[in-house]
Structures are given as structure tokens and as C-alpha cells.
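# predicted structure and sequence below. I'll ask about it afterward.
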Amino acid sequence: MERPIRVAVREVAAQGKEDTMPDLGTLFLSFLRLGLTAFGGPVMVAYIEELSVKRNKWLDGETFKNGVALCQSIPGATAMQTAAYVGLRARGIPGALLSYIGFGLPAFILMLVLSSLYVAASGLPWIMSLFNGLQVIVVAIVANATYSFGRGALKGYRDIGIAAASAVAFWLGVSPFYVIVGAAIAGIVLMRVQASPGAQSIDQLNPITVKHILILFLVIFTGVTCLYFANKKLFELSLLMFKIDLFAFGGGFSSLPLMLQEVVNTRSWMDSKTFMDVIALGQVTPGPIVITATFIGYLLYGFFGALVATVAIFTPSFALLLVGTLFFDKLRGSQLFARAVKGILVSFVGLLFYVTIKFAFAVPWDIIRVLIVAASFIALLKKIDIIYIVLIGAIVSILTFR
């Protein structure tokens, strides 16, 4: 008799959860509104928790924390992944997709507008003055990202050694994808990282099955195949963005070295100066830094290039979130996985350090630029919102660099 009672209690609890769940339209609009002010990258995770756990009670606190841990363990922008995770737990794969799109849509639209304005007005004197100053701020932004990554990831001489080796390899022209694979192997061999013991299972209110995953991959494969026959150049662009996203462990900034290598050094689609302008634009838009893919696509192939690049830069990490949710316990409990991820994160410190040096060499330094980069770096260390730093820097640039 005791067992049926426990089953009934679980059913009542599940029904209570179901009653608190939003419909798909509510999910989309909620994350669309949140995406309009999604500045600060991973900082937005706290606002997503406020929306989904504290205010609307779509998830309980433990389920949300498990989801954040998962999102931090796989490639992709953490805040975007967390938004998709909330939608997944609330309304399955359709909910995940609508939350993901809603959260990222404002950034895509604004970056598309800024890209078209940049192309149309790039020859104007005040635009040149603007980006001459913003390039210096980009150096400070990437230097701060290097410092933040390093402070969190470098804990001993092994970590420092892998980071330094990664920077040297990147400097010598080794593909960052090979560097990352090498760092993962080094992490497995050298690191002494313990996997999370006894990770609790993710709530199965909307369970995902292997069948769902296979259907999703079939849809992605069909889309890529159609793109191959429709436009080979867009197909190549999509594959490149797929690859960048698959290796972007540690959040959006980890994609910058990969983009720099492939877009600037390998394919020469743009020069370092233009790439720095892309990053500056990425900082004045809401959403993750990888939204710079929209600009790259637009600069190469117009609107359809922007659309393909944006979809491609977010698709692999979305698929990995679904797979990771399905195998969460094994993923979190694997020492090999934990050591490999640690090695990859450490390598990004070296790669970001290289990008900082590369960008610094592209700036024609003078006393004004030195003061701007110093002030920007200090402001970032003081946790001043990056949007204010960029906007003030833009005004100073227009007034100074004439």
C-alpha cells in the first residue's frame, strides 16, 4: 500500500509542476524581453534564474543549478545555453528552441543593423575616428578576458605550462583546433581534476530521448545538405561557424582566437583592424560576443550570409545541450571529461593572450591611446558595465581622433 501512495504523491507533485509551466508563446516573449537587455555575457545567468526560478517558479533551484553546471561544461555561450535549458525543462525541445531564439534575436537584429551601417558609412571621417578609439578599448576588453580566464583557470605549473605552450603554438601558426585537441589530451594526461561526485539527476519533467536527438541531427544534416547544393560559399561559411562553436569551451570569448585565426589569418576575409571593429560592435549589442558571426556573414555575403553565419554559430552548442542533458550524470561523473575540459579551458588563456598581443600590435600607439587602454582596463577590473565603457570610449574617440 505504501508504494502506490508514494507513486500518487509523485504524480501530484508532477502535476503541480506542470501547472506552473509557461506556454510556448510566454517562453518566447519572456526571453525576448530579457534578450533586449542581455549585456554582460554570463552575468545574465543570474537574471535568467530570477525569471525562471524566483519569479515564475518554472524550475526549482537545484534543477537550475544542475543546468548551469551542464552549460558551463559544454561549448557555447553560457547565458544562451542556460536560456535554452530553461525552455527545455519547461516545454521540451520546442521550448528550448523558442527560448534560445527569443534570447538571441535582439542581438541578431541590432548587429544586422549595425553591420549595414558600418558598410555604408565606413568611409566617413567620424566613423574612422570612432573605430580608431574603439580598437584601443577592444585591446583592454580582450586583455581583461585573458586576465579573468587566467585567474580562474591557472592553478599550478601544469596549467601555466599548457597555456604558454598553446600561446607559442598559436604564434607559430598552428591551427587553434589542433591546439585545443592537444590541450585536451594534455589535460587528460597531466591534470588532477576530480569529477563532480554524486551529481543529481536533472529533473525529467520533459524527458529527452535518443529518438529526439536523432531527429534533430537529421534536420541539421538536411539543412546543411540543402545549403551545399544551393550555395557552396554559404555552405563553407556554415561549416566554419559550426567548427568554431564546437570548440568554444568556456563561453563566448573563447571563440575569438578561433575566429581570428580562421577569418583573418587563414582565409583573409578581413584584416585585423576590421575584426577589431567587429568585436567593438559586438560589445554594444546585447547577447554573447559570438554574435560577431552576424557581422562576418553580412560583410561577406549580405543578409543571407549574416543569417547562415548566425544560425551556424549557435546550432552545434544547442545540439550539444540536448545531448548533454540526456547524458548529464555520465558527463558530470567522468574524470576523463573533466580533465579534458580543464585542459581546453587552460589553453584558451594562452590563445587569448596571443590575441591580446596581436591586437596590440595593430594599434598605432601614442600617449592618448595608452591612457584610454589603461582607463578601460581599470574600469573593467572595477566591474563597471562594459556598455558604459564602450559608449564613453566612442564619444572620446569621435572628439579626439579627428
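Cool, the structure landed. Numbering: from 1, shown residues only.
# was I right about residue 339 contacting residue 187?
Yes - the pair formed by residue 339 and residue 187 meets the contact definition of CB atoms under 8 Å, at 4.6 Å. Using the backbone N, CA and C atoms, a C-beta is placed for each residue, glycine as well.
# all strands of the chain, in order?
With DSSP state E as the criterion, the chain has no strands.
# show me the shaky parts of it.
Low-confidence regions of the chain, defined by pLDDT under 70, span residues 1-20, 39-43, 123-124, 126-128, 193-208, 250, 329, 331-332, 402.
# which residues touch the residue nearest to the spatial centre of it?
Among the residues of the chain, the smallest C-alpha distance to the mean C-alpha position (CA atoms, centre = their mean) belongs to residue 77, namely 2.3 Å. In this structure, residue 77 makes contact with 41, 248, 251, 252, 287, 288, 289, 290, 314, 317, judged by CB atoms under 8 Å, 6 or more residues apart in numbering.
# now do 6 Å
Under the criterion of CB atoms under 6 Å, 6 or more residues apart in numbering, the contact partners of residue 77 comprise 252, 288, 290.
# ok, residue 145 next?
Residue 145 makes contact with 253, 352, according to CB under 6 Å, 6+ apart.
# any idea how far residue 131 is from residue 121?
Here the distance between residue 121 and residue 131 works out to 11 Å (CB to CB, to the nearest Å).
# try residue 302
When distance is defined by CB to CB, residue 302 is 21 Å away from residue 131.
# ok, these two, which is more surrounded?
Per other CB atoms under 10 Å, whichever of residue 302 and residue 131 has more neighbours is residue 131, with 20 against 13.
# which non-adjacent residue is nearest the more buried one?
Spatial nearest neighbour of residue 131, excluding adjacent residues (CB to CB, 6 or more residues apart in numbering): residue 277 at 4.9 Å.
# could you report the neighbour count for that neighbour?
Residue 277 sits with 24 neighbouring residues when counted by other CB under 10 Å.
# how near is it to residue 85?
Remark: distance between residue 277 and residue 85 (CB to CB) = 33 Å.
# re earlier: of residue 339 and residue 187, which one has the most company?
Looking at residue 339 and residue 187 with other CB under 10 Å, you find the greater number of neighbours at residue 187, namely 25 against 22.
# correct me, but that one touches residue 337?
No - under the criterion of CB atoms under 6 Å, residue 187 lies out of contact with residue 337, with a separation of 9.9 Å.
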